[in-house]
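Visitor: predicted structure and sequence below. I'll ask about it afterward.
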Amino acid sequence: MREEALVYWVGTTEEEIHFIDSILCAYDGVACVRREFKLEDGQALYKVYVTAGMEREFLDVMGRLRVRADIRSVTRGEDDAALPSE
């Protein structure tokens with residue numbers, strides 16, 4: 001049985017999401033950063049699909065990245081909450 005990926009929303013800037021994506025790519029199979037985003041209170045939240053069973057690893061990496069990257073929030077959410085980016 002295939003498990004669905006978990007959806008997380010990362011509050012950061014467009015520049016930082018590229019940095020975050022490059023770091024997560026080094027952790028093969030943990031997460032997939034999307035360029036889809038939504039705005040909340042004027043701040044961008046970017047969608048990240050986290051592989052089922054890899055949530056703890058993802059949260060650990062994000063915790064370490066907060067030292068270097070401008071990450072305002074990391075929140076588990078829903079897939080359909082995105083607005084198409086233009």
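Guide: Done, it's in.

Visitor: what's next to stretch 47-58, contact-wise?
Guide: With contacts defined as C-beta atoms under 8 Å, 6 or more residues apart in numbering, stretch 47-58 is touched by 3-10, 24, 27, 29-34, 36-38, 79, 82. C-beta coordinates here come from the backbone N, C-alpha and C atoms, glycine included.

Visitor: secondary structure element for R68?
Guide: Secondary structure assignment for R68, by DSSP states H and E: no helix or strand.

Visitor: likewise for L45?
Guide: Assessed by DSSP H and E, L45 sits inside strand 43-50.

Visitor: average pLDDT across that strand?
Guide: Predicted confidence along strand 43-50 averages 96 (mean pLDDT).

Visitor: next one: stretch 76-86
Guide: Rounded to a whole number, the mean pLDDT of stretch 76-86 is 60.

Visitor: based on its surroundings, how many neighbours for the nearest residue in space to E40 that is not next to it in sequence?
Guide: What sits nearest to E40 in space, not counting adjacent residues and going by C-beta to C-beta, 6 or more residues apart in numbering, is G11, at 7.8 Å. The tally of other residues near G11 (other C-beta atoms under 10 Å) stands at 18.

Visitor: cool, V48 as well?
Guide: For V48, the tally of surrounding residues (other C-beta under 10 Å) stands at 25.

Visitor: try E55
Guide: E55 has 16 neighbouring residues, counting by other C-beta under 10 Å.

Visitor: same check, this time on C32
Guide: Other residues near C32 come to 14 when the count uses other C-beta under 10 Å.

Visitor: if we can go back for a sec, so which bits of the strand holding L45 are buried?
Guide: If you call a residue buried by 16 or more other C-beta atoms under 10 Å, then strand 43-50 has these buried ones: 44-50.

Visitor: what's the answer for stretch 20-35, then?
Guide: Within stretch 20-35, the residues scored as buried using 16+ other C-beta under 10 Å are 20-21, 24, 30-31, 33.

Visitor: same thing with stretch 54-62?
Guide: For stretch 54-62, the buried set under the neighbour-count rule, 16+ other C-beta under 10 Å, comprises 54-55, 58, 61-62.
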